[in-house]
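Peer 1: Let's see this in three dimensions:
(2 chains)
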Amino acid sequence: MKGFIKKAAAMLASAALIMSAVMIPSGCEARNDDGTVRLRWVTYSTAVPADLKEVIAAANAYSAEKIGVTVDLEVQPSEMLNLIMASGEYYDMIYTCEWLNKYDTNAAKGLYYDITDLVKTETPALYETIGDYWESAELGGRLYGVPTLKDMGTEMMYRLNSDYFEGKKGMEIPEFMSFADIEPFLAAYKADYPHKYPLAMDKSGMPGMTNFLERVIGTFIFIPYDCEKPQVMPLWECEELLDRYRLLHKWYTLGYIEPDASAVESTTSNKDIPVRLGVAWRGYQGYSNPETWGFNVKTSIYDGPYISRATEQGAMTAVCAACTEEKAKAALKYIELLNTDRKFRDILAYGIESKHFDYLENGSVLRTKTGNDRYTMALYQTGSVVNASVESVSRTFPADPDQWRKVYEGYKEYGIRSRTDGFVYDQKRKEDIIAALTAIYSNYATDLRTGTSDPDEVIPKMKAEMEHAGINELLHDIQECLDAHLASSAEAEY
Amino acid sequence: MAKKSHGSLSRMSRKENIQLTLMTIPTVIWYALFCYLPLFGIFFAFKDFTPVPGESLFENLFVNSPWVGLRNFSYLFRNPQYMDVLFNTLFYNIIFLVAGIVIPVTLAVLLAEVHQKKFTGVVQMALVLPYFISWVVVGYCIYGLLATDVGQINGLLKMFGADPVQWYQSPEYWRGILISLGIWKTSGYTMVIYLCSVNAIDRSLYEAAALDGANFFQRVRHVTLPHLRTTIATLFILGVGSILNSDFGLFYQVPLDSGALQSVTQTLDVYVYKSLMLQANFSFSSAAAFLQSGVGCILLVIANLITRKIDRDSALV
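Peer 2: Next up is the predicted model:
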């Protein structure tokens, strides 16, 4: 009797679990009661805005009327996105890009819907809007995702407290400077406040510091932008990067960087810090809101704009390969609306008009206090940035509503373009080496990028360990793939 | 025992038996769901898991994913530090295994001697409480103590004229810190288990011993410890079973993943986490988990065999 009950209970329980595992994929309701199509859209964000539901409801009311499609927008951190993909979970639209939930890898695996024909026949306006940038989504001549039009290159900048540096110290903040040029500013602040640390630094390092190199594996194998023939190299061969690490270590020893920087999670709550870093584009005002910081901020660009397949894939939306054609069409229609209808785009971008934001006279947008507190998603997370209204940070200094045209022209004029012709390395080829290298690198990375450790001391150690783990085999394989890729794309051009 | 009395089961006791069986159902279900059902996950360790979205997990695992033999294990041994990683894992676990017996047993024996109920209650509470504090919280409290320029300990050091220490850059202190924290967090909880066993010992034995002139130490040596033998053996054998597992929170969250401390904080779990940060690779992580449970299972059986040789009653099976 006892055994029987045990067995029966165990079998029942396992049967229930197996059933649920099998049922999940078909569990999503495809249509709402009123006949509009409902899509599960998973996008990336580390925080869920408080008013998300309300904003989605407003957006759904608009899109249901215009194109008969509504969304369940789900906001997930990067681990969850990776997990959704790795476990084969069902969704309709998903955030994908070069730096998480990797577009090229997943598209090559056949995880995304092939939209090549559908996008031309069903959503010609979308096809036209994206224009030349479709190239960044092309894989073997097919399209598996829609690039989000945003800043397509990366520009790295210092963000300085201009009240202090210009107002009090009489220093001049130039529009452009080099990475090292920030030193006198740091020194000036340190002299005034010997117990404070002028350079914002947390365990993830300075945002975008390695963006002047094209990343291949993590931030330890790169292809430099400026070499004549693209050459794969580990970080210890990138002289400029080493110089930056040396400089950081110098700043660390001089007390410009907090001694526990490698253990600090975030410095955003410390409003005293006069020098921060950012990755944005020329004319971006988001860093300059005096209400956020308590002082005026001026930016000074030190790198960029660098443009490569990776930077052009900064944000994209893909449709699940398991979608029905009806759903894929609905998803594309939705993306089209985000790219062509500014009023609709502004809802997901900024929230509800007059509650979360107001329009200024020149057509730009000013967030209200409620908006700043309760609905702040980064624009790229919810769709086209270019089609959204430009954000101003105050009524007195409205942003240039024509900003994007200038930014895009700028890319053509002075953008530094990658010579790798959209090369992507298939990490599946040497997955075990990459895993071992990742673990080794992570032992040194935090201390290197925060300036805590002396690069001339630790990099030789790291190099020896990485060589033992097989980095040379990996580098060789990447170089071979790169050469083959370049040869075949050169052939295709003729 | 159940087998012996099977033939003479009276109506009453059979009814009781069914009731008792029913009581075990939640536990049985729990084990079936969380310990037996996930066993099929072992297949992940030998397959290159490539799911197709929209298809069921079973189809993805058994049909869509090819067999790859032992390839998923290789990343574990590519790192030249893997010996250090194994050493750390074993080093901490052996210490925790020993300290996890000595300290809670001592505490339980001492606490059992205290006859003031209120005081015992307060002490017990204070000892068990750390078990319920998350490592993340502990990590930040420790940071408050050890931070280089705002930490309390460096504040004290400076007050007495000593040089402040960069704790998060000084691995030499961390073995001690981690061991103390591990003991601080778990020993109260284990103590409760031993305390129950101590309290279950027949009081008249102590009275008889006292009458025969046994002092406190003799009573502990000849009455308490022999009675705790089975409990100690059980917890020891179970502890051996998880010798390759480590408390991820303790070794990753508490040192705040500081690079300089890797040589003393990197255990197998931390290493696996770090290797797979760039990839969400189920197969690789299952391989590591399989290794941990495989070694644990073998050691558990060996420990049990040895225990049975020494003392039949204390062995698990």
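
Peer 1: what sits against the residue most central in space within chain A?
Peer 2: Nearest residue to the geometric centre of chain A (Cα atoms, centre = their mean): A:G314, 5.1 Å. Contacts for A:G314 were tallied using Cβ atoms under 8 Å, 6 or more residues apart in numbering or on different chains; they are A:97-99, A:148, A:150-152, A:154, A:380. Bear in mind the C-beta positions are built from the backbone N, C-alpha and C, glycine included.

Peer 1: Flag the least confident of those residues.
Peer 2: Within the contacts of A:G314, pLDDT reaches its minimum at A:W99, with 84.

Peer 1: check which helix or strand covers A:R40.
Peer 2: strand A:37-44 (DSSP states H and E).

Peer 1: Name the next helix or strand downstream of that strand, please.
Peer 2: helix A:52-67.

Peer 1: anything in the helix or strand of chain B with the lowest mean pLDDT near chain A?
Peer 2: Sorting the helices and strands of chain B by mean pLDDT, DSSP states H and E puts helix B:57-62 at the bottom, at a mean of 82. Yes. Using Cβ under 8 Å from any Cβ of the partner chain, we find that helix B:57-62 touches chain A at B:57-58, B:60.

Peer 1: Quick one: those residues as a markdown table, columns for distance to B:V272 too.
Peer 2: Formatted as a markdown table, the residues of helix B:57-62 next to chain A follow (distance: Cβ to Cβ, whole Å):
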| residue | distance to B:V272 |
| --- | --- |
| B:L57 | 22 |
| B:F58 | 25 |
| B:N60 | 22 |
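
Peer 1: Now do whatever helix or strand A:R405 lives in: distance to the chain's middle.
Peer 2: Secondary structure from DSSP H and E places A:R405 in helix A:403-414. Distance, stretch centre to chain centre, for helix A:403-414: 20 Å (Cα atoms, centre = their mean, to the nearest Å).

Peer 1: Please apply the same query to stretch A:191-205.
Peer 2: 26 Å.

Peer 1: Strands along the stretch 351-494 of chain A, start to end?
Peer 2: In the stretch 351-494 of chain A, the strands defined using DSSP state E, counting those that start in this stretch lie at A:357-359, A:365-367, A:391-392, A:416-417.

Peer 1: between these, which gets nearest to chain B?
Peer 2: Closest to chain B of the strands of the stretch 351-494 of chain A, according to Cβ to the nearest Cβ: strand A:416-417, at 25.9 Å.

Peer 1: ok, now which ones touch the nearest residue in space to A:I221 that is not next to it in sequence?
Peer 2: Nearest residue to A:I221 in three dimensions, chain neighbours excluded: A:P234, at 5.7 Å (Cβ to Cβ, 6 or more residues apart in numbering or on different chains). The neighbours of A:P234, taking Cβ under 8 Å, 6+ apart as the test, are A:220-222, A:463, A:466, A:471, A:475.

Peer 1: Quick one: which of those is the most crowded by neighbours?
Peer 2: A:M466 (27 neighbours; other Cβ atoms under 10 Å in any protein chain shown).

Peer 1: possible to save the residues of helix B:57-62 next to chain A as a markdown table with neighbour count and distance to A:R367?
Peer 2: Shown next, in a markdown table, are the residues of helix B:57-62 next to chain A (neighbours: other Cβ atoms under 10 Å in any protein chain shown; distance: Cβ to Cβ, whole Å):
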| residue | neighbour count | distance to A:R367 |
| --- | --- | --- |
| B:L57 | 18 | 43 |
| B:F58 | 12 | 48 |
| B:N60 | 19 | 44 |
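
Peer 1: Over in the stretch 101-250 of chain B, which residue gets nearest chain A? Let me know.
Peer 2: As assessed by Cβ to the nearest Cβ, chain A sits closest to B:T148 within the stretch 101-250 of chain B, at 4.1 Å.

Peer 1: Which of the three states applies to that residue?
Peer 2: Secondary structure, DSSP: H, G, I helix; E, B strand; the rest coil: B:T148 is coil.

Peer 1: Surely it and B:N154 touch.
Peer 2: Yes. Counting by Cβ atoms under 8 Å, B:T148 touches B:N154, with 6.3 Å between them.

Peer 1: Can you give me the buried ones in stretch A:159-169?
Peer 2: Neighbour-count burial for stretch A:159-169, counted by 16 or more other Cβ atoms under 10 Å in any protein chain shown, picks out A:159-165.

Peer 1: Break the chain down into its domains, please.
Peer 2: Chain wasn't specified; assuming chain A. What automatic domain parsing lists as the domains of chain A is A:24-148+A:313-350, A:154-211+A:239-308.

Peer 1: let's do chain B instead
Peer 2: For chain B, automatic domain parsing gives the domain ranges B:1-69, B:76-314.

Peer 1: joint contacts of B:T148 and B:N154?
Peer 2: Common contacts of B:T148 and B:N154, defined by Cβ under 8 Å, 6+ apart, comprise B:164-165, B:167.

Peer 1: Switch those over to JSON lines; also include neighbour count and distance to chain A.
Peer 2: Compiled in JSON lines, those are given as follows (neighbours: other Cβ atoms under 10 Å in any protein chain shown; distance: Cβ to the nearest Cβ, whole Å):
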{"residue": "B:P164", "neighbour count": "16", "distance to chain A": "9"}
{"residue": "B:V165", "neighbour count": "16", "distance to chain A": "11"}
{"residue": "B:W167", "neighbour count": "23", "distance to chain A": "9"}
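
Peer 1: pLDDT value on B:E113, please?
Peer 2: pLDDT, read off for B:E113, is 85.

Peer 1: pretty sure it is touching B:F217, no?
Peer 2: No. Between B:E113 and B:F217 no contact is recorded; they are 11.4 Å apart, counting by Cβ under 8 Å.

Peer 1: okay, these two: which has more neighbours?
Peer 2: B:E113 (14 against 8).

Peer 1: For that one, which non-adjacent residue is spatially closest?
Peer 2: Leaving out its chain neighbours, the residue that sits closest to B:E113 by Cβ to Cβ, 6+ apart is B:F216, at 7.2 Å.

Peer 1: What pLDDT does the model give the one you found?
Peer 2: As predicted, B:F216 sits at a pLDDT of 89.

Peer 1: shouldn't it be in contact with B:V109?
Peer 2: No. When contacts are counted by Cβ under 8 Å, B:F216 is not listed as touching B:V109 (9.3 Å).

Peer 1: neighbour-wise, which of those two wins?
Peer 2: Applying other Cβ under 10 Å to B:F216 and B:V109 shows that B:V109 carries more neighbours, namely 19 against 11.
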